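# Structure of the sequence below:
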Amino acid sequence: MVAPPDDDVLRARALHFQYHDGSPALQGVSLGVREGEILAVSGPRGSGKTTLLRCLAGLVRPQRGEVWFTGLPVHTMGPLARERLRRDRYGWVDPAPVLVPELTAWENAALPLMLRGTGRRRAKKAALEWLDRLDAGDSARRRPHELRRSERQRVCIARALAVTPAILFADEPTAPLHRADRAPVLRTLTTAARSHGITVVVATDDQDTVALADRALCLLDGRCVQTVHLPSPDGPDGPDGTEGPGAVGAAREAGAAAAPGAPGEPVPTEAPAASEVTGAAGTGGAAGSAGPAPRVVGPEGRAACSLSV
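The predicted structure is shown next:
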């Protein structure tokens, strides 16, 4: 067992996982995430996004494959070691807001800090700062049953960010929010992550969330089918002030450039075998990969997409 390169804070190699009924959830997924990077794991419902995040975060053990965090083999750790790792180094946001009903909003947000040994006053200050940044400061002294679902989710996000984790795993973090509330919460989450050097792995099928990430990894039936490098300009406008393609447009253009046939005619792509899955340049691929994936050059000469075929 060989540790991955030091430039990846998190790396997975050829992950396999099956449900109790024998149906596959992950089939040879490999990926690498650099420190401070925001990676969006996208795909349709049932594609394996949540299972992948749970394996990466040490909530479940993959049945085959490896997970490494800063050179530590998470896949070989016992339950107590993985629990300490999640408490001390990770943050987690569920799609459904789960809070301790007896505690106020700020106490819920400060709870992980106090479990780490942080003093009550200091933990309260950090919790209130994050609640304010997420527009939930007015809810600080209320208990969960007094809050709307969207307010409870903001408290959960504040709780995950207050500890300044090395990696934040977010499973559909904006699912309980109204569409109008999603953009400011996502901007706060991504801006905070970049300013504090927090690595973020977010599972989502929301294209607004994908557009805020540095890179998007697409899953289909438990396999990694493509990795999309998102355009560098901030916002929808390109460098010349015209409307840029955005994340979805870049992926569509890359796919059109790579696909043979008539323009605009979709060409079905067969999901790659586990041994053929290859991530984006610098993120690594599955063990035993036959070689680097072909690259598709997008706008401005940048590699817009790396496809496994």
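# Tabulate the CA atom coordinates of stretch 182-196 in PDB.
Only the C-alpha atoms of stretch 182-196 are listed here, as PDB (Å, rounded to 0.1, in the frame of the first residue of the first chain):
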ATOM      1  CA  ARG A 182     -29.600  29.400  -2.400                       C
ATOM      2  CA  ALA A 183     -27.300  31.900  -4.200                       C
ATOM      3  CA  PRO A 184     -26.300  34.000  -1.100                       C
ATOM      4  CA  VAL A 185     -25.700  30.900   1.000                       C
ATOM      5  CA  LEU A 186     -23.600  29.200  -1.600                       C
ATOM      6  CA  ARG A 187     -21.600  32.400  -2.100                       C
ATOM      7  CA  THR A 188     -20.900  32.600   1.600                       C
ATOM      8  CA  LEU A 189     -19.900  28.900   1.800                       C
ATOM      9  CA  THR A 190     -17.500  29.100  -1.200                       C
ATOM     10  CA  THR A 191     -16.100  32.500  -0.300                       C
ATOM     11  CA  ALA A 192     -15.500  31.400   3.300                       C
ATOM     12  CA  ALA A 193     -13.900  28.100   2.100                       C
ATOM     13  CA  ARG A 194     -11.500  30.000  -0.200                       C
ATOM     14  CA  SER A 195     -10.600  32.600   2.400                       C
ATOM     15  CA  HIS A 196      -9.900  30.000   5.000                       C
END
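# Can you tell me what sits against that stretch?
By Cβ atoms under 8 Å, 6 or more residues apart in numbering, the residues outside stretch 182-196 that reach it are 36, 38, 133-135, 154, 157, 161, 164, 168, 170, 173-174, 177, 198-200, 206, 208-209, 212-213. (Each C-beta comes from the backbone N, C-alpha and C, glycine too.)
# mind listing what's buried in that stretch?
182, 185-186, 188-190, 192-193 (16 or more other Cβ atoms under 10 Å).
# likewise stretch 71-89?
74-75, 77, 82, 85-86.
# I'd like to know which of those are part of strands.
Using DSSP state E to define strands, no part of those is located there.
# Just put those in JSON lines and tack on distance to Thr104 and pLDDT.
Formatted as JSON lines, these follow (distance: Cβ to Cβ, whole Å; pLDDT from 0 to 100):
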{"residue": "Val74", "distance to Thr104": "33", "pLDDT": "95"}
{"residue": "His75", "distance to Thr104": "38", "pLDDT": "94"}
{"residue": "Met77", "distance to Thr104": "34", "pLDDT": "94"}
{"residue": "Arg82", "distance to Thr104": "30", "pLDDT": "94"}
{"residue": "Leu85", "distance to Thr104": "28", "pLDDT": "93"}
{"residue": "Arg86", "distance to Thr104": "24", "pLDDT": "93"}
